[in-house]
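Just to be clear, the model below is a prediction. Sequence and coordinates:
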Amino acid sequence: MVAKYDTFGGLFFGGFTVFGILISLVWTVIGIYLVVLVIKALRRAIEALDLYIYSKNREIRKTYESSDSDLNKRQ
């Protein structure tokens with residue numbers, strides 16, 4: 001009797017197939033690519049947040065320093 005599937009286990013029925021290995025390889029590459037994209041996006045977000053905090057701190061400093069200098073002039 002002739003086997004319905006090859007000796008490697010068939011297409012989706014377990015075993016090692018070229019198709020299965022290719023699918024695993026593709027999903028691994030996609031996963032690594034997504035991790036790299038997420039890391040890049042997080043680094044940009046952190047940098048943008050740092051710039052935002054820096055600009056807000058400058059605004060606050062200007063406000064307090066200008067009021068501080070007004071007090072010094074009055075004395």
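Now that the structure is in, tell me what you want to look at. Numbering: from 1, shown residues only.

Rounded mean pLDDT for stretch 35-54, please.
Mean pLDDT, stretch 35-54: 97.

And the contacts of it?
Outside stretch 35-54, no residue is within contact range by CB atoms under 8 Å, 6 or more residues apart in numbering. Every residue, glycine included, has its C-beta placed from N, CA and C.

Could you measure from Thr17 over to Val35?
27 Å (CB to CB, to the nearest Å).

what's the answer for Lys56, then?
32 Å.

before we move on, what about Leu51?
In terms of CB to CB, Leu51 sits 25 Å off from Val35.

In terms of helices and strands, where is Ile60?
helix 18-74 (DSSP states H and E).

Could you report the separation of Leu42 from Leu34?
12 Å.

likewise Ala41?
Taken as CB to CB, the span from Ala41 to Leu34 is 10 Å.

Can you check what pLDDT the model gives Ile60?
So, for Ile60, pLDDT stands at 85.

What's the local residue count around it?
10 (other CB atoms under 10 Å).

go on, Ile32?
Neighbour tally, Ile32, other CB under 10 Å: 10.

And for Leu37?
Residues near Leu37, counting by other CB under 10 Å: 10.

same question, the one 3 residues further on
Lys40 sits with 10 neighbouring residues when counted by other CB under 10 Å.

Over to Thr17?
Neighbour tally, Thr17, other CB under 10 Å: 17.

From Val29, how far out is it?
Applying CB to CB to Thr17 and Val29 gives a distance of 18 Å.

For Gly20, grab the count of nearby residues.
Neighbour tally, Gly20, other CB under 10 Å: 16.
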